[in-house]
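S.K.: Model the following, please.
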Amino acid sequence: MKRILIFLYQWIILIPIFFVLTIITTSIMIFFSSIFGNKFWGYYPPKWWARVTCWLSLCRVKTSGHENLDKNTSYVFIANHQGAYDIFLTYGFLNQNIKWVQKASLRKVPFAGKASEIAGHVFVDNTSIASRRDTIIKAKKEIVGGVSMMMFPEGSRTKNGSLSPFRRGAYRIAMDMGLPIVPITINGPYDVLKVHSMKLTPGKLELIIHKPIPTAHLEQKDLRALMDQTKEIIHSGLWEKYK
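M.R.: Residues are numbered from 1 along each chain as shown. So this is what the prediction gives:
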């Protein structure tokens, strides 16, 4: 009976409200960011869109480690990628003004693609070295004055809840810009909405913010050690069933 009620709630209430809320949020972002800039309007409307989505999804949210961050400092946040709710969890509850590094193909998504572009999110095009260089140049313009970057180094959502191999792109950008890296452990989204699934399972979502790791003194030869260090930190915060 519970599963039937959740199914009906998901399709009759949650999804229609989410669709309308997304249209309203992206419209606000596009209109006001175009006029007043994206530092405020590119962050706060989607922050509350993400929070409301978690609450409407009947998920319980727990966060920790906010004391490790300074709102006036820019960071590169590195998180594991469990599922679609990673975005809602980090956007809504990290409490840091963030820009996302997204696949170039997402620029074509109606409303969301245009809103992301105007909001200052960075689209990654890995077709050439020149394209990757342009990504870094764009990031440098956006990641200033307490605005940070959010990246999932696994590249895609986990298939079984455990960590996948990390890619170097996020680390190269952090080292090139001399920004501290903040490992983030995400727990729960894998169970709430698994990859390639449309079945919502309300549950607990957890966001653990670890201490920043300075990169300003690091060299290229330190890249692999930095990747291993952050992956180990993220892994340490995973629930046992994900390890």
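
S.K.: Going along the chain, name the strands of the protein.
M.R.: All strands of the chain, identified by DSSP state E, fall at 60-64, 76-79, 98-103, 122-124, 148-151, 181-187, 204-209.

S.K.: Would you tell me which helix is longest in this structure?
M.R.: Determined from DSSP state H, the single longest helix within the chain is helix 15-36.

S.K.: And the contacts of it?
M.R.: Applying C-beta atoms under 8 Å, 6 or more residues apart in numbering, the contact partners of helix 15-36 are 38, 41-42, 45-46, 48-49, 52-53, 56, 111-112, 114-115, 118-120. Backbone N, C-alpha and C define where each C-beta goes, glycine included.

S.K.: Give me the ChimeraX select line for the residues you listed, limited to the buried ones.
M.R.: In ChimeraX, this line selects whichever of the contacts of helix 15-36 come out buried by 16 or more other C-beta atoms under 10 Å:
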select :38,41,42,45,46,49,52,53,56,112,114,115,118,119,120
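
S.K.: before we move on, the earlier item: residue 159: which of the strands of the chain is closest?
M.R.: Evaluated over the strands of the chain, closeness to residue 159 peaks at strand 181-187, with 15.4 Å, by C-beta to C-beta.

S.K.: Quick one: mean pLDDT over that closest one.
M.R.: Strand 181-187 comes out with an average pLDDT of 97.

S.K.: Likewise for stretch 235-243?
M.R.: Across stretch 235-243, the average pLDDT comes to 95.

S.K.: Ok, stretch 18-28 next?
M.R.: Mean predicted confidence for stretch 18-28 is 94.

S.K.: buried stuff in it?
M.R.: Buried positions in stretch 18-28, judged by neighbour count with 16+ other C-beta under 10 Å: 18, 22, 25, 26, 28.
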